[in-house]
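> Sequence first, then the predicted structure:
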Amino acid sequence: MKTSELMKIVEENGCNFMNSGDYYKIDGGAYIFAKVNKGNSEFLILHKLPKDIAQAVLEYAYTPLEEREEEKKYLLMFPKGYTKYGKSALTLNIHDNFYFNGGFDAEKTELSNYKKKFTQKEIDEMPFDTKFFEKVLVE
């Protein structure tokens with residue numbers, strides 16, 4: 001289970017999901033329900049936990065650490081002055097499997113047939129040298 005999935009379940013059940021040092025805390029308002037260790041499968045239930053949250057805490061605690069976080073995604077930006085469009089990112093036309101210069105604001109535009117955010121694995125698998133581009137982490 002991803003951390004974002006656990007957070008969503010906690011919040012959907014009316015509780016707060018808080019980052020606290022080595023732990024995530026699940027807070028029900030007047031008291032803390034549980035703590036889940038970020039670095040291993042250790043967890044502590046301090047008070048009665050709603051069933052949906054309890055199940056999610058168990059699943060999360062036993063999810064391998066490398067599977068808990070979303071993969072980082074990057075924009076591959078064309079060097080300044082390379083395109084007439086200004087700030088532009090490499091874009092993949094999903095249907096035709098064709099890479100091109102997006103020609104639109106790379107950070108703001110999302111179109112369903114196009115992809116411009118790539119994982120490191122996807123970048124490594126591109127059929128050309130990607131060192132030409134500036135790699136920008138997408139938050």
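Thanks, I have it.

> Following the record's annotation, map out the domains of the protein.
Following automatic domain parsing, the chain resolves into domains at 3-68, 73-138.

> Now render the ones you listed as JSON lines, adding mean neighbour count.
C-beta here means a position set from N, CA and C on the backbone, and glycine is covered the same way. JSON lines is the format used below for those (neighbours: other C-beta atoms under 10 Å):
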{"stretch": "domain 3-68", "mean neighbour count": "15"}
{"stretch": "domain 73-138", "mean neighbour count": "14"}
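
> Where does Lys75 fall, secondary structure wise?
Quick fix: residue 75 is Leu, not Lys. Using DSSP states H and E, Leu75 falls within strand 73-77.

> so what does that strand touch, helix or strand wise?
The contact analysis (3 or more C-beta pairs under 8 Å, 6 or more residues apart in numbering; DSSP states H and E) places strand 73-77 against strand 90-93, strand 118-119, helix 120-124, strand 134-138.

> Please report the distance of Phe33 from Lys121.
36 Å (C-beta to C-beta, to the nearest Å).

> can you check Glu70 too?
On the measure of C-beta to C-beta, Glu70 and Lys121 end up 13 Å apart.

> Arg68: what's it in contact with?
1-3, 60 (C-beta atoms under 8 Å, 6 or more residues apart in numbering).

> The same query, at a cut-off of 10 Å, please.
Neighbour list for Arg68: 1-6, 38, 60-61 [criterion: C-beta atoms under 10 Å, 6 or more residues apart in numbering].

> Thank you, goodbye.
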